[in-house]
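Colleague: Any chance you can model this:
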Amino acid sequence: MNPTLARPEPRRGRGRLQLLLIIAVVLGPMLLASAMYRFDFWVPESRSYDGALIANGQGRDAIGVTATGKPHWELLVTAPQGCNEECRQLVYLARQINIGLAREAGRAGHALATSQALEPDYAQRLEREYPQLARYPLDAAAYSANPEAPAGPQLWIVDPHGNLVLRYDAKVDGKAILDDLKYLLKISQIG
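Modeller: Residues are numbered from 1 along each chain as shown. Predicted coordinates for the structure are as follows:
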């Protein structure tokens, strides 16, 4: 009797099972993630930021702000109806947040965009007390046409590419903005 002929045939089922397991390990997480996104289940309800997220890739120009200068993270205060007391408080808060960044302060700046001319005494005060404050014109028509831009003064975090990231209203806590900006600077490789 020939010994090579006497061997039993190898089982093919085991190889197929291994192939199916490999495919399941690779495709399973992708299918699960797609189902979670599509049917909105097992999605965490918590978030790690305090402002309103602007996740549609809008730039400063979408709210009517034309900015020039070096690209860096920016705390932008917009005042479509002129700079009232809430606007002035946000300008002060933007400067304090920039100072609060400590060693990261060079990566960020603060700016004011208004659609109307500032009162002369306040404009002089800004020149004197806020020398790093950038000032931009604001197109009120473009601002009011954008659904992401509510009426009244707002503070926006803008990335170095000019994209709007987060928005805060005038009643915001400065510590929340500082924490959000520190987190963005920590995870960002730009600016």
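Colleague: what stretches of the chain score poorly on pLDDT?
Modeller: The chain contains residues with pLDDT under 70 at 1-13, 191.
Colleague: State the helix or strand in which the residue most central in space within the chain lies.
Modeller: The centroid of the chain falls nearest to residue 165 when counting by CA atoms, centre = their mean (2.6 Å). For residue 165, the element it lies in under DSSP states H and E is strand 164-168.
Colleague: Can you name the element that comes right after that strand?
Modeller: Next along from strand 164-168, by DSSP H and E: helix 174-187.
Colleague: what's the angle between that next one and strand 164-168?
Modeller: 170 degrees (axes from the mean of the first three to the mean of the last three CA atoms, to 10 degrees).
Colleague: Give the buried residues for helix 174-187.
Modeller: 174, 177, 178, 179, 180, 181, 182, 184, 185 (16 or more other CB atoms under 10 Å). In short, each C-beta sits where N, CA and C put it, glycine included.
Colleague: quick one: the residue nearest to the centre of the chain and residue 36, what's the gap?
Modeller: According to CB to CB, to the nearest Å, residue 165 stands 25 Å off from residue 36.
Colleague: one step back: CA atoms only for the strand holding residue 165, dumped as PDB, please.
Modeller: Extracted C-alpha coordinates of strand 164-168, given in PDB (Å, rounded to 0.1, in the frame of the first residue of the first chain):
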ATOM      1  CA  LEU A 164     -15.400  79.200  12.000                       C
ATOM      2  CA  VAL A 165     -15.100  76.600  14.700                       C
ATOM      3  CA  LEU A 166     -17.200  77.600  17.700                       C
ATOM      4  CA  ARG A 167     -19.600  80.400  18.500                       C
ATOM      5  CA  TYR A 168     -20.600  82.000  21.900                       C
END
